[in-house]
Structures are given as structure tokens and as C-alpha cells.
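> Give me a 3D structure for the following:
(chains A and B)
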Amino acid sequence: MTKILVVDDEMDIRFVIGKMLEREGYETVEADSGEQALEVLSKSSPDLILLDVMMPGLDGYETCLEIKSQETIKHIPVVMLTAKTAESDKIKALEECGAQWHISKPIDRKKFIETVKWLLTSPPRREE
Amino acid sequence: MGVSVCLASGKDGVGRSTITVNLGIALSKLGISTVVVDGDIEGASFGLILGVDPDTPSLHDCLAGKIACEDAIIEAFGVNALVGGITIEQIVDVSVDGFSDILDGLIESFDIVLVDSPAGLGTDAVTILSSCQSVILVLTPDINSVTNTLKTLAVAKKVGTAVLGGIINRTGGQYDIPSDKIEDLLKVKIISEIAEDELVRQSLQEGVPIYAENPDSGFSKKITDIASKLIGGS
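Numbers count the residues shown, from 1 in each chain, chains lettered A, B, ... in the order given. Coordinates of the predicted model:
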């Protein structure tokens, strides 16, 4: 079963996103911080990571950079899921941190699921 | 009084100049008084696309004060064009400080002034972007182009240039980012998607714009559609 790691410090958001994904048949794993996400990733390898940006401790950008620096997990597509929607925030996520995509909060459920399906099957490829 | 529309891209190789010239021809065919301006100061290509003599008076000559702008405009394939200079001397010596004044003059004489901007966000590109009233973003459906387009978009907003929409060019690849995903990320209306077309490459080699040589090609039909949208025809 396709497994998706949902990282957000807000329990309500993790719950709502988890329910949306489970209704589509995906297995979800939760982490409430960047640190916990890295711990989860040291033990298992999900197919996709949904990562909040504004979290205490390691924020989403720092967590993404850490993920992309580790050979064993850097191939996993990371999606920044955030209310930070300025172009500069998106550039930081996609270019500086190496995330595969950026989804703005609040989430449109239909678009969100479509985007998750696309990222699981054909995530954007970077020029080497 | 006409309007100025800049075609801008975050990186080279997305087909911005080709689209600008052919869009100009399409608008002219629709009866709109149009001039296309090769503002790609360091990488001018209109001469190649239109197959004109390298000695043709250029925007660079106008910027250098060597010739009046109205005397540098040529007519090729039904469109008025201000081509860019291509010699090392022209490129090294040029300053875009006078571009805004040149643009003001062109707006007085034409209904639509289409400006091909340099790629990226160098001084020339930002000067030209900020001089134009509006901008169409040209990109390809890959993550590098999309990310660079975000930068151009941010600068357009900062300098107050209205964003008319985006054109996704050279589509049809196996790993293309879908247009609806790009639209959702950029928060910019995608006004057209144009498939990769071998005839475009062929037209560049021949120095005859594809819109003039193959008006029924898929590329040309898309250009007609964009022209119609630009003038509010559909």
C-alpha cells in the first residue's frame, strides 16, 4: 500500500489530511515535528512526504534540506504544505530546499488529492 | 495610444522570441497595428527569425542615439519590427537607460507593442519589464522553468507590471508538469499551451517565421488563439 508521511505540528491538520488520504486508500504515518519526521524516516521509507513549513524546532525548510542531504531518503518526493504563499516562499521550497512541489493552505480537497496522485506517479524531475 | 506587452521568461530556451515575433505577425493579420521589439539586449534573435540582413538598423542603434527609432523599424512578413543588434560592439556599448523613452514613442504610433525581454532578472531584464505596462510569462513545463517563472512573477509584481497570464511552450514531454498544477502554483492564468513542433525549428533555420510559412500548423493556430485573446476577441 502506498504510504504517505504527514508532518505538521497541529494535530487537527494531521487528522484532516490523514482522513482525506485514507479515504483514497493511502496508508498514512504522522509526525508532529521535523525531528520526529527524521526519526520516522530512519526506520521506514514512505512514498511521499507532506511537510508543513512553520513548526517549532526544525522547520519545514530545514527538515526538507536534511531529507535531501541523506542518500537513502533524498529520492522521496517532498511537498511543502503551507500558508506561506508568497513567490519567495515557493522559490525557497522548490529551489533552495529541493522540495518537489508546494501546496498552499487552506487545502482544496479535490485539487489536493489530484496533486498527491500526480506526485506519486510522475513527480517533477530536475535537470542534473 | 497603444499598449506595451512584455514577453518574459525566467530562463532562455523556452521559445519566447519565436512566440513574440509570430504573435506580432498574427496580430497584424488581425488588423492590429503592431510592432515587435527585440529587447533581448545580449541575445538578439529577431534578425535570425525574420531572416533579415545583419546590417539592418537596430534597437541597439536607437539606444546608442545613432538613429531615430522610427527610422529603424522595418516591415517583414506583415509585421513591423525593431530588431536587436548582434555585433559585439553593439552589445558591449549598449545601455538600456533610454528604453522607456523609446517605448513611449512606440506606444504613440502602434496599437500593440510586443517586447521580447531578456531571460532572467538582470538589470536589462528588470528595466524592460518595469518599462512595459503588462507582461505575459513564457515557460516550459519543467520544474526549473516554473521556479524561474516564480522569480519573474515576483519582480513583475514588485515593479507594478500587470501580469496578463502565462504561456506554456514546448509541451508534450513524458515528464511535463500538468498545466493545471502550474496554474495553481503560480496563481496565474495559463492562456495557452503550445506543443513542441519540429516545424518551428525548421522555420528558424530557414529564416521564415512559422506563422508566415505554415499558418495551419498547430503552433500557428495556438498563436492565432493567443492573439485573439489579447485583443479580447475570444
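
> Buried residues, stretch A:115-128. List them.
In terms of neighbour count (16 or more other Cβ atoms under 10 Å in any protein chain shown), stretch A:115-128 has its buried residues at A:115-116, A:118-119, A:123-124. All C-beta spots, glycine's among them, are computed from the backbone N, C-alpha and C.

> next one: stretch A:43-53
A:46-53.

> hmm, back to that, so which of the buried residues of stretch A:115-128 comes closest to residue A:4?
Among the buried residues of stretch A:115-128, residue A:116 lies closest to residue A:4 (Cβ to Cβ), at 7.2 Å.

> burial count for the residue lying closest to residue B:75 once chain neighbours are set aside?
In space, and not counting its chain neighbours, residue B:75 is closest to residue B:81: 7.4 Å by Cβ to Cβ, 6 or more residues apart in numbering or on different chains. Residue B:81 has 28 neighbouring residues, counting by other Cβ atoms under 10 Å in any protein chain shown.

> Pull the contacting residues for residue B:81.
B:21, B:24, B:35-38, B:46, B:50, B:52, B:73-75 (Cβ atoms under 8 Å, 6 or more residues apart in numbering or on different chains).

> picking that back up, kindly identify which of the buried residues of stretch A:115-128 also come near chain B.
Here is what survives when these are matched to chain B using Cβ under 8 Å from any Cβ of the partner chain: A:115, A:118, A:124.

> From residue A:19, how far off is the residue nearest to the last one when sequence neighbours are not counted?
Read it as residue A:124. Among residues not flanking residue A:124 along the chain, residue B:143 sits closest, at 3.9 Å (Cβ to Cβ, 6+ apart). Remark: distance between residue B:143 and residue A:19 (Cβ to Cβ, to the nearest Å) = 30 Å.

> Between those two, tell me which one has more neighbours.
Using other Cβ under 10 Å, the more surrounded residue of residue B:143 and residue A:19 is residue B:143, with 19 against 10.

> wait, doesn't the more buried one sit right on residue A:123?
No - the criterion here is Cβ atoms under 8 Å, and residue B:143 misses it with residue A:123 at 9.0 Å.

> What segments of chain A are helices?
A:11-23, A:34-43, A:60-69, A:87-91, A:109-121 (DSSP state H).

> ditto for chain B
Under DSSP H, chain B gives helices at B:16-29, B:46-50, B:59-63, B:69-72, B:88-93, B:99-109, B:123-131, B:143-159, B:179-186, B:198-206, B:210-213, B:218-230.

> Ok, which of those comes nearest residue A:2?
Of all these, helix B:179-186 comes closest under Cβ to Cβ, at 19.1 Å.

> which residues are in contact with the closest one?
A:90, A:101-102, A:111, A:114-115, A:118, B:137, B:139, B:141, B:146, B:149-150, B:153, B:166, B:168, B:171, B:189-190, B:193.

> mind redoing it with 7 Å?
In this structure, residues lying in contact with helix B:179-186 by Cβ atoms under 7 Å, 6 or more residues apart in numbering or on different chains are A:90, A:102, A:111, A:115, A:118, B:141, B:146, B:149-150, B:153, B:166, B:168, B:189-190, B:193.
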